[in-house]
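**Q** this one's structure only:
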Ligand SMILES: Nc1ncnc2c1ncn2[C@@H]1O[C@H](COP(=O)(O)OP(=O)(O)OP(=O)(O)O)[C@@H](O)[C@H]1O
Ligand SMILES: Nc1ncnc2c1ncn2[C@@H]1O[C@H](COP(=O)(O)OP(=O)(O)OP(=O)(O)O)[C@@H](O)[C@H]1O
Ligand SMILES: [Mg+2]
Ligand SMILES: [Mg+2]
């Protein structure tokens, strides 16, 4: 009797393995257990996902934190941050065409990245004493990078898995210039440059805390399940990624997922990372203000939260 | 039948021999040749299937989408959006266009906004509509509406202005009041122009729905294409493109039928 | 001056008083009222600035973009793409259109493809062009080309078919050969229609460049808007929209000037 | 007999660019009930302008236009206009066109059909009631206009070069028809033409207008016997009248042609 | 004197829908050098069709059309056409229009200007050489067409109702001008009209055509003295000739009107 359950939209994507815990929760019926009918609404662009939440078209989303920070900087109070379920240091990297041997060679060259990968690129550049301005930087959707790189429109492109593999296929003779593991953020926080963050409609959390609580429970259960049974999880969500269960399981094993275990400590680490990132973005002139991001964190409805 | 100009037939007299169906035959041959060249180019590996799938692969993908019903659902979803947005646009734009053409204060009030809105492609409305309306059906219908209403308005306005003022005079001279003039003279007089404008706008509405479906659509021909693109599946992209073409052509045929039904007095043109 | 219809002026006789500039005054009042309402709605907090920035914020953003030169660079970059794609489209489409209208085998060969291509919005070409051409200038110019050439072609074709066959007869009767007929009768006869078609296509070309710039452009009005959208900066989105409007309007004015220059024989219409 | 329609010292000018074009200057004319007056004059001499004033489509710059002694203000349905270019509603059939003024006059539905039939018969178009105007020849369309105007039952019929677009032979037939209808209905008719023969065939009186600005050059009564068929048209009396009118017109025409040769382009 | 232009048993039919419309049936006619022949007939009787055959715009379904004894095949610049709707090139000035046939004839550049001037003077349009056609009145445009046709120096001038769109008075002036030019140039002219007076004023011979399918009903020689001004036009001889022609025409017209009343719509 799924029809009688309240329907909610999860705004996500199917090109990022980090979405697996929530997709597992959907496929394994963890939300239905909670009395919710959750559907995936694919929205490629993170900024558009926030807008979907603001407009009430989606209840929650797992998305790149750069967009979240930029919305906070504009004072958008339509959402609250409540969890982080995935991380994958080393899964985001910059792939270069032959002829580019190191990050230093990118000086003055066209380089593509966007959202979180842009932070990774900034990190890699600063290791070599450079900034984005030293390159010919281009913001490019991850899905278009393979074509751009193979035509030589850009000399290097930074993106996350599995799109990074597509770059490797498109330019097999290319070279990996580095990953987010080679940046200061990883050294300081142990996280990827600008990982995902799970947000929820603030209106929903305030007006209907019970539902918010059920969403949080489902999300964490999905994460717990993925950590415990990667094989089963991979099989359950493989179709979303248009890959075989084995491929997805292998990808899942290369990821870190975070469930209920150690959740409060994990959240604190990410809050600190977001603060750092906010300062970084403001310093780079990407956002108009440096907001107090803690004001957006609301864990009151998370099982085991405050 | 209207006489058309013809040039160059003096030097090549065989071209003037008008055996029936000769043009259709040449057209057919030209299409077959094109498909043959395409097949050849992909079969010999001259063009990699990564860059251009073979016609056979496209046909297979089409068959799969047709059999699974996905294609029909996509056509239906997009058509529903086009229809809704287009209908709203017509309802708003036709009366406003007539009013602007016949009543100068209405014209003076709206014309600065129309000038500013006219050149704005509907695609530029995507950021604001997402902000205001989210990513649901409403937003997509709104994009279609915003992309087509100005064209309908301008066509209506022009058509109304072109109504022969002599007919208005004649009607008044025969004792007609404002309402009768509006209903029995200006509106039918402007109808051919309005319908022509609607047909053009329908094509524009289709291009709007495709851009609207680029962002967060669960179904529709646009989402079919954009999703296939993100997965690098060019066969489906090509199937989608052909489907759009055929759907719009079908809509055109339908529009022409409706046009004929609405204007019985134009029947002599069709002899 | 052409007489236009007017309705409803019998009941409200003051409306018929035609003091000079009355329409301009009403237009100005209407624009001012709109801006005032907008300012009021945002100032009182009735609409959150997140959903609609205040006119002052937009004006500030505009001033900043103008002073930094970013806006001019964006306008220039987009204009260059439009111009290049449009120019190529005209070069291909005008001769082909004339040939199709005057020579039936050309018509028969190309018409099936034209029918299929006509309804395809340029936006659907984005996946294939990215695959074939990457994301450089070439791809953007190609999108503009693909979006506008069919319209130029159809306008040229129609205009050429509409050339008065009597003039062709007259020219032949006065001893003109094929080439002269083409150059001195058909081409100038079709010119007004071709130019009108070019003007319409120019607007379409602008909407194409904006969709092309959605993906991977470093500059241009489209990229200005899309980037601002991704960073949630609606003031810049609005500035971008207004700039597009004004740029296209300016292009229109320029096109009208050129039209007048190219057709001195239409000068009596402008009295 | 008092005049049904009269113009008193009428001047009409149009603003063109900065200055005024005077189309008609200080023109006075009385039209009596039941008479057929022909206004004859070269192109641009202000004939249509006068008719538009009578119909109330425009009002005089100075002077007065009166119908039965009362000033005409606004469009006057009692002065029915027959336009040169027919002005039929293309989207209405012959019957619907003829029924239009009947509906405007409030004739009840069940009477309308019969009345429309009557007027369609009068112009000998029985059998074409369900055709659209575009499906008829020029002469037939002009007859529909006539039927429609008659159906409006105006007190005066104003006809602006109604037969100018017809070929000479069809024209002859239409002239006969008009005379027949006028005799039957006794309508007052003001008829504009630039064809001397037509004026002589139709008019009780012929008003010759002078070139712009339009004034009345002379008014010539026409006592030729009716119907003015080809025998009358080839009679010496006809030739004499034509000579007389031509003598008035010729001067105007030569003046006019000379003027056009020197004129600035329009 | 041998005929310069002749039609021998010419039939012309047009395929319309499934069947054929016969526009002209078995028509034979000889036009002699230097003469002005008027073709007179009601609308649709095949006058334009005949002219198109003479100009080579169409070829006869059966029979032959000859110029100086040789069959006409293809468009024949030696037979210059003057169209009712002028057919001036709107994008060329008066001078450029008149120079067009000169260029086609290969007249060298430095002679062209003078020659164009000559023909523009001939039609009394000096001063208007640099105007575009749209800036001229109807009568002036028709004179430009005439000048352009004369500049082409054809052996025969074919004129298809050239004055039908002009008002009666301008028409009179144009008729005078045409006669003057013909006398000066001695050109052979085939002139189409549906106006009996015009045919009588202009023609050396008047060919009356019968209604569709077009055949020759009669050919009437016209010995009235030239110029045929208003005095001739009001003379008894003129009236007599008009009566005679009308007797031929009337029957055709009544047949035609009756036919149109029963006809299916076009
Ligand atoms: N609406 C107008 N605006 C300006 N000038 C006008 C207008 N109507 C008529 N005129 C001018 O007034 C003069 C008389 O025009 P009118 O139409 O009355 O002449 P007409 O005798 O009917 O000519 P025609 O035989 O060509 O119909 C002309 O010179 C014309 O240019
Ligand atoms: N291209 C054509 N196709 C079909 N029928 C035609 C064509 N041209 C002429 N006709 C028909 O042939 C007949 C004669 O036409 P034509 O134009 O020669 O008459 P006309 O005497 O010049 O008439 P008008 O005085 O109206 O110009 C008409 O019935 C016409 O409908
Ligand atoms: Mg007039
Ligand atoms: Mg003809």
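**A** Perfect, thanks for sending it. These numbers were taken from a predicted model, which means no experiment stands behind them. Ligands and ions are numbered 1, 2, ... in the order given.
**Q** just for chain B, where's the confidence low?
**A** By pLDDT under 70, the low-scoring segments of chain B are B:1-20, B:268-271.
**Q** Tell me the pLDDT of the residue of chain D found nearest ligand 2.
**A** Taking C-beta to the nearest ligand atom, ligand 2 has its nearest neighbour within chain D at residue D:167, 5.7 Å off. C-beta coordinates here come from the backbone N, C-alpha and C atoms, glycine included. Listed pLDDT for residue D:167 reads 75.
**Q** same deal with the one 10 residues further on?
**A** According to the predicted model, the pLDDT of residue D:177 comes to 84.
**Q** Spatially central residue for the chain, please.
**A** You didn't pick a chain, so chain A it is. The centre of chain A sits closest to residue A:196, judged by C-alpha atoms, centre = their mean, with a distance of 3.0 Å.
**Q** nope, chain B
**A** Short answer for chain B (C-alpha atoms, centre = their mean): residue B:203, at 1.5 Å.
**Q** what does chain A put close to chain B?
**A** Counting by C-beta under 8 Å from any C-beta of the partner chain, chain A comes close to chain B at A:11, A:15, A:41-45, A:48, A:51-52, A:54-58, A:143, A:146, A:166, A:242.
**Q** Show only the entries of the residues you listed found in strands.
**A** A:11, A:41, A:42 (DSSP state E).
**Q** wait, residue D:27 sits on residue D:9?
**A** Yes: with contact defined as C-beta atoms under 8 Å, residue D:27 reaches residue D:9; the gap is 7.5 Å.
**Q** returning to what we had before: which of the ones in strands among the residues of chain A next to chain B has the largest number of neighbours?
**A** Neighbour tally across these (other C-beta atoms under 10 Å in any protein chain shown): the maximum, 25 neighbours, falls on residue A:11.
**Q** Format the ones in strands among the residues of chain A next to chain B as CSV; extra columns: pLDDT.
**A** Shown next, in CSV, are those (pLDDT from 0 to 100):
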residue, pLDDT
A:11, 92
A:41, 87
A:42, 85
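**Q** Show me which of the residues you listed is closest to ligand 2.
**A** Nearest to ligand 2 among these, with distances taken as C-beta to the nearest ligand atom, is residue A:42, at 60.9 Å.
**Q** hang on, the earlier thing: please list only the buried members of the residues of chain A next to chain B.
**A** Neighbour counting by 16 or more other C-beta atoms under 10 Å in any protein chain shown classes A:11, A:15, A:41-45, A:48, A:51-52, A:54-55, A:57-58, A:143, A:146, A:166 among those as buried.
**Q** Say whether chain E is contacted by whichever helix or strand residue D:169 is part of.
**A** Assessed by DSSP states H and E, residue D:169 sits inside helix D:168-185. Yes: Helix D:168-185 reaches chain E (C-beta under 8 Å from any C-beta) through D:168, D:169, D:170, D:172, D:173.
**Q** Mind checking what secondary structure the residue nearest to the centre of chain B has?
**A** State at residue B:203, reduced to three classes by DSSP: H, G, I helix; E, B strand; the rest coil: helix.
**Q** wait, isn't it in contact with residue C:119?
**A** Yes: counting by C-beta under 8 Å, residue B:203 does reach residue C:119; the two are 6.0 Å apart.
**Q** Common neighbours of the two, please.
**A** B:248, B:252 (C-beta atoms under 8 Å, 6 or more residues apart in numbering or on different chains).
**Q** Helices of the stretch 101-250 of chain D, start to end?
**A** D:109-122, D:138-151, D:168-185, D:196-202, D:230-233, D:236-262 (DSSP state H, counting those that start in this stretch).
**Q** what about the second one, average pLDDT?
**A** The reference is to helix D:138-151. So the average pLDDT for helix D:138-151 ends up being 90.
**Q** One more: the first one?
**A** Average pLDDT, helix D:109-122: 92.
**Q** Give me the distance between that helix and the centre of its chain.
**A** 24 Å (C-alpha atoms, centre = their mean, to the nearest Å).
**Q** Need the contact partners of it.
**A** D:94-95, D:98-99, D:102-103, D:107, D:126, D:128-129, D:147-148, D:150-151, D:181, D:184.
**Q** Return the members of these classed as buried.
**A** D:94-95, D:98-99, D:102-103, D:107, D:128-129, D:147-148, D:150-151, D:181.
**Q** Show me the common contact partners of residue D:27 and residue D:9, please.
**A** Common contacts of residue D:27 and residue D:9, defined by C-beta under 8 Å, 6+ apart, comprise residue D:63.
**Q** When those two are compared, which one has more neighbours?
**A** The neighbour comparison of residue D:27 against residue D:9 (other C-beta under 10 Å) goes to residue D:27, with 23 against 12.
**Q** what secondary structure does that one sit in?
**A** Quick answer, by three-state DSSP: residue D:27 is strand.
**Q** Name the residues linked to it by a beta bridge.
**A** residue D:10 (DSSP bridges).
**Q** that older thread, run through the neighbouring helices and strands of the helix holding residue D:169.
**A** helix D:138-151, helix D:196-202, helix E:236-262 (3 or more C-beta pairs under 8 Å, 6 or more residues apart in numbering or on different chains; DSSP states H and E).
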